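K.L.:
Based on what follows, work out the 3D shape:
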Amino acid sequence: SLLHPISIPDCADQHLVYALATFGAKVQVATMRFAPVAIVSLGVISSSLAFSPSSAFLASTRGLHAESRDVSRLSMVLEEPKKKKLAKIEQLKVESDHLIQPLKDQLKTEEIGVSKDAYQILKYHGSYQQTNREKRGKTKDYQFMLRLKQPAGELPPELYRLIDDLSAKHGQGDLRATTRQCFQIHGILKGNLKTVISSIMNIGSSTVGACGDVNRNVMTTPAPFATPEYQQARKWSKAFAHLFRPMSPAFSEIWLDGEKAASVETWSKEVDDLNIDEAMTYDSGRGIILPDSVEPIYGDRYLPRKFKIGVTAPGDNSIDIYTNDIGLVVICDESGELEGFNVMVGGGMGRTHNKENTFARAADHLGFVPKEDIFEVMKSILASQRDHGNRDVRANARMKYLVHTLGIDNFRSLVESYFGKKIQPWRETAEWKYNDWMGWWEQGDGKLFYGQHVENGRVKDEGDFRLKTALRVLVDRYNLSMIMSPTQSIIFRDIDPKDKDGIDAVLREHGIKPIEEVDPLNRLSMACPALPLCGLAQTEAERLMPSYLERVRALLDKMNVGEEEVLIRMTGCPNGCARPYMAELAFVGDGPKSYQVWLGGSPVLTRTAFPYMAKMKVDDLETTLEPLLAMYIEKRQQFEAFGDFCHRVGAEALEQYANAYTLGSVKA
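P.N.:
Here you go, the predicted model:
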């Protein structure tokens with residue numbers, strides 16, 4: 001019998017289009033509003049069918065007919081590609097000379113900003129051009145946000161001292177911890193960009209690939225435990241960051257005047273034993289490596305859209321692993337030796353209001369990959385997206401749409417066609433749990449680590465609250481290394497137990513509450529920066545979230561459910577930087593002082609939420625939430641979390657109850 005129809009992304013510029021008829025599937029071209037495509041019929045040679053590699057950059061069948069039983073084989077017919085005009089952003093990437101122009105020339109002008117084209121290229125260098133949207137006037141006060149690249153979230157003390165100084169001298173005086181384990185510096189003027197970026201590069205760090213259509217900062221669980229699984233997660237997150245680093249000379253040419261950085265990136269030195277450069281350039285003949293001497297994996301068009309990777313230990317979902325393009329779970333044997341990785345694919349948060357063909361998506365389980373094959377499988381996944389992702393419609397360009405369109409089984413076959421082997425089944429592992437790793441913990445090697453909660457990631461001094469000064473005192477006095485957390489907070493690692501009391505004293509002296517005094521709602525929450533600097537923001541997020549949490553707390557206490565811990569997130573637009581669509585309760589900005597309400601995410605972050613209300617005015621928070629909490633009080637199961645309850649009963653039941661509810665009528 002036929003499967004459900006499957007939509008095919010636009011591959012007309014990719015020289016090879018694959019049909020799914022051999023899987024017993026109908027091919028349907030228009031469901032997701034992609035442009036029509038030519039169909040190529042595939043003949044099955046063996047029962048282990050896989051898609052052929054795309055020839056987006058070359059039409060090659062090399063290696064497709066290997067003799068090993070483990071190799072996926074097929075025959076294929078190639079159609080003459082139709083000539084078509086590249087999308088503007090794709091043409092810009094091609095003409096940029098591997099991310100050099102027009103940025104290099106624009107940085108030399110007397111203008112306070114850069115052109116739109118130069119700004120697009122600047123993103124690959126780790127920076128966004130911004131303006132304060134609350135300042136009136138015909139002339140925009142252009143400034144730049146710079147985002148560091150910190151694989152595994154690690155920040156050595158000398159780097160923190162540098163960015164602390166740079167933010168004070170060349171920024172707006174604060175630092176912003178992101179949801180992907182790195183710092184941002186806001187308020188840099190164009191004339192100071194080169195000083196700031198070159199300083200960061202010369203100390204052994206980078207901003208390269210922190211933005212743009214490349215692999216972004218690779219995340220990992222921030223807990224610095226000394227167990228094999230956690231050690232391997234940290235190591236391999238750095239390995240994947242190094243594997244997929246952009247190779248263009250643009251970065252040294254523009255920011256270092258063509259010279260080499262004074263120090264190589266610190267994380268690259270920690271994975272020397274893995275021979276990553278050799279693994280990167282290894283050519284199996286199956287279409288992964290491109291005929292581009294500068295960027296053998298990315299080519300001159302790089303990826304269709306940004307690409308995100310996360311690595312964690314079994315059971316530890318502190319990184320929201322299902323939101324990544326690729327998520328990896330370390331699998332060790334009983335002796336602690338690394339066996340390989342469980343691999344998931346196709347997660348992503350971004351969507352667009354009123355466009356149903358854009359959506360948030362949790363990743364699917366691809367399978368288990370032995371450690372000796374993991375680099376080649378990672379390259380195969382990236383090549384699948386590079387060659388088959390939608391380059392015509394950027395709103396549908398993330399890999400999640402390719403995985404969704406093909407289905408996980410067909411996507412697996414596509415990856416196998418590049419890899420040349422079957423991917424093993426997913427291995428059962430520990431159940432997922434969520435922890436923010438705040439407060440004091442033993443590392444397991446005689447040292448301690450301490451998690452410092454940072455409200456919405458903003459490291460600043462404000463009145464008696466002097467977090468920025470406190471962090472600098474701790475780094476200078478104890479020479480502590482940091483790890484950025486996925487919840488916009490900070491972890492100090494490798495602490496001598498004798499220093500514990502002194503560290504606590506420094507924090508109290510600077511007005512920092514102990515973690516026991518931080519409301520659980522605040523610990524669990526996240527908000528993106530939004531206004532006034534983000535050009536995409538439709539309303540407030542970071543600046544509004546504290547008062548919203550206070551109002552939610554008051555309502556919970558009023559209804560006698562103050563002990564409940566609800567994971568709440570807020571964004572100023574639908575792009576999902578604070579990962580709202582995984583939360584138990586989320587507010588997604590859709591206009592001035594207006595939010596969509598999303599419900600039903602998992603407290604352990606394994607599924608997406610559903611939209612409950614299209615428009616909630618900012619003042620209607622209590623009247624919107626009270627009926628939901630009342631139904632939860634009356635109909636929850638024992639130990640059932642709020643998000644699980646909403647997921648179980650569904651949007652229709654919640655809406656019916658709310659419509660019939662009388663305010664003030666229910667308390668626990």
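K.L.:
From start to finish, how long is stretch 253-264 in a straight line?
P.N.:
Stretch 253-264 has an end-to-end distance of 16 Å (CA to CA, to the nearest Å).
K.L.:
Got phi/psi on Val329?
P.N.:
With angles defined as degrees, to the nearest 10, Val329 sits at phi -120, psi 120.
K.L.:
so what's it bridging to?
P.N.:
Beta-bridge partners of Val329, counted by DSSP bridges, are Thr312, Asn342.
K.L.:
does it really touch Ile319, like I thought?
P.N.:
No: with contacts counted by CB atoms under 8 Å, Val329 stays clear of Ile319, the gap being 10.7 Å. Every C-beta, even on glycine, is put in place using the N, C-alpha and C of the backbone.
K.L.:
shared neighbours of these two, which are they?
P.N.:
Both Val329 and Ile319 are in contact with Thr312, where contact means CB atoms under 8 Å, 6 or more residues apart in numbering.
K.L.:
Could you verify my assumption that Ala239 touches Ile276?
P.N.:
Yes: using CB under 8 Å, Ala239 is in contact with Ile276, at 6.0 Å.
K.L.:
The two: who's more crowded?
P.N.:
Shown here are Ala239 and Ile276; by other CB atoms under 10 Å, Ala239 has more neighbours (25 against 20).
K.L.:
Am I right that that one falls within a strand?
P.N.:
No: under the criterion used here (DSSP: H, G, I helix; E, B strand; the rest coil), Ala239 is helix, not part of a strand.
K.L.:
where do the strands sit along the stretch 51-200 of the chain?
P.N.:
Secondary structure of the stretch 51-200 of the chain (DSSP state E, counting those that start in this stretch): strands at 74-76, 127-130, 143-147, 154-155, 175-177, 183-188.
K.L.:
Figure out which of the ones you listed is closest to Pro580.
P.N.:
Among the strands of the stretch 51-200 of the chain, the nearest to Pro580 by CB to CB is strand 175-177 (17.5 Å).
K.L.:
for the closest one, what is the average pLDDT?
P.N.:
For strand 175-177, the mean pLDDT works out to 98.
K.L.:
Now do it: everything it contacts.
P.N.:
Contacts of strand 175-177 (CB under 8 Å, 6+ apart): 163-164, 167, 183-186, 454, 457-460, 468, 484-485, 488-490, 529.
K.L.:
go on, stretch 457-472?
P.N.:
In this structure, residues lying in contact with stretch 457-472 by CB under 8 Å, 6+ apart are 160-161, 164, 173-179, 183, 452, 454, 488-490, 506-507, 509-512, 526, 542.
K.L.:
Could you dump the strands of the stretch 51-200 of the chain into TSV with mean neighbour count and distance to Ala630 added?
P.N.:
Listed next are the strands of the stretch 51-200 of the chain as TSV, based on neighbours: other CB atoms under 10 Å; distance: least, CB to CB, whole Å:
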stretch	mean neighbour count	distance to Ala630
strand 74-76	17	58
strand 127-130	22	42
strand 143-147	24	42
strand 154-155	26	45
strand 175-177	25	36
strand 183-188	22	40
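K.L.:
mind checking which of those strands is nearest Trp267?
P.N.:
Short answer: strand 154-155, nearest of those by CB to CB, at 7.1 Å.
K.L.:
Okay, now the sheet partners of the closest one, with direction.
P.N.:
Within its sheet, strand 154-155 is paired with strand 481-484 (antiparallel), according to DSSP bridges.
K.L.:
where's the partner strand relative to the chain centroid, distance-wise?
P.N.:
Offset of strand 481-484 from its chain centre (CA atoms, centre = their mean, to the nearest Å): 18 Å.
K.L.:
In terms of helix, strand or coil, where does Val588 fall?
P.N.:
Val588 ends up strand, using three-state DSSP.
K.L.:
That one reaches Ala578, doesn't it?
P.N.:
No: counting by CB under 8 Å, Val588 stays clear of Ala578, with 9.5 Å between them.
K.L.:
list the residues that contact both of the two?
P.N.:
Going by CB under 8 Å, 6+ apart, residues that sit against Val588 and also against Ala578 are 570-571.
K.L.:
quick one on the thing from earlier: make a ChimeraX selection of the buried ones in the contacts of stretch 457-472.
P.N.:
To isolate the buried ones among those in ChimeraX, judged by 16 or more other CB atoms under 10 Å, type:
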select :160,164,174,175,176,177,178,179,183,452,454,488,489,490,506,507,510,512,526,542
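K.L.:
Which members of the contacts of stretch 457-472 occur in helices, if any?
P.N.:
160-161, 164, 506-507, 509 (DSSP state H).
K.L.:
quick one: stretch 417-425 to chain centroid distance?
P.N.:
With CA atoms, centre = their mean, you get 25 Å for stretch 417-425.
K.L.:
I should have written stretch 638-657 there, sorry.
P.N.:
Relative to its chain's centre, stretch 638-657 lies at 28 Å (CA atoms, centre = their mean).
K.L.:
Just the residues contacting that stretch, thanks.
P.N.:
With contacts defined as CB under 8 Å, 6+ apart, stretch 638-657 is touched by 564, 566-567, 583-585, 599-603, 607, 609-612, 627-632, 635-637.
K.L.:
before we move on, back to that, go through the strands of the stretch 51-200 of the chain and name the closest to Val311.
P.N.:
Closest among those, once you apply CB to CB, is strand 154-155, at 13.0 Å.
K.L.:
tally of neighbours for Trp440?
P.N.:
15.
K.L.:
where does it land in three-state SS?
P.N.:
strand.
K.L.:
one step back: least reliable of the strands of the stretch 51-200 of the chain going by mean pLDDT?
P.N.:
strand 74-76 (a mean of 39).
K.L.:
where exactly do the helices run in the stretch 301-450 of the chain?
P.N.:
Secondary structure of the stretch 301-450 of the chain (DSSP state H, counting those that start in this stretch): helices at 374-388, 399-406, 408-419.
K.L.:
Could I have the CA atoms of the shortest one written out in PDB?
P.N.:
Output in PDB follows, covering the C-alpha atoms of helix 399-406 (Å, rounded to 0.1, in the frame of the first residue of the first chain):
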ATOM      1  CA  MET A 399      17.300  21.000   7.800                       C
ATOM      2  CA  LYS A 400      14.200  20.300   9.900                       C
ATOM      3  CA  TYR A 401      12.100  20.900   6.800                       C
ATOM      4  CA  LEU A 402      14.100  18.400   4.700                       C
ATOM      5  CA  VAL A 403      13.800  15.800   7.500                       C
ATOM      6  CA  HIS A 404      10.100  16.500   7.900                       C
ATOM      7  CA  THR A 405       9.400  16.400   4.100                       C
ATOM      8  CA  LEU A 406      11.200  13.100   3.500                       C
END
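K.L.:
Give me the common contacts of Ala239 and Ile276.
P.N.:
What both Ala239 and Ile276 touch, as defined by CB under 8 Å, 6+ apart, is the set Phe375.
K.L.:
which residues touch the spatially most central residue of the chain?
P.N.:
Central residue of the chain (CA atoms, centre = their mean): Lys308, 4.7 Å from the mean position. Contact analysis of Lys308 by CB under 8 Å, 6+ apart lists 180, 215-216, 219, 323-326, 347-348.
K.L.:
That's all I had, so thanks and see you.
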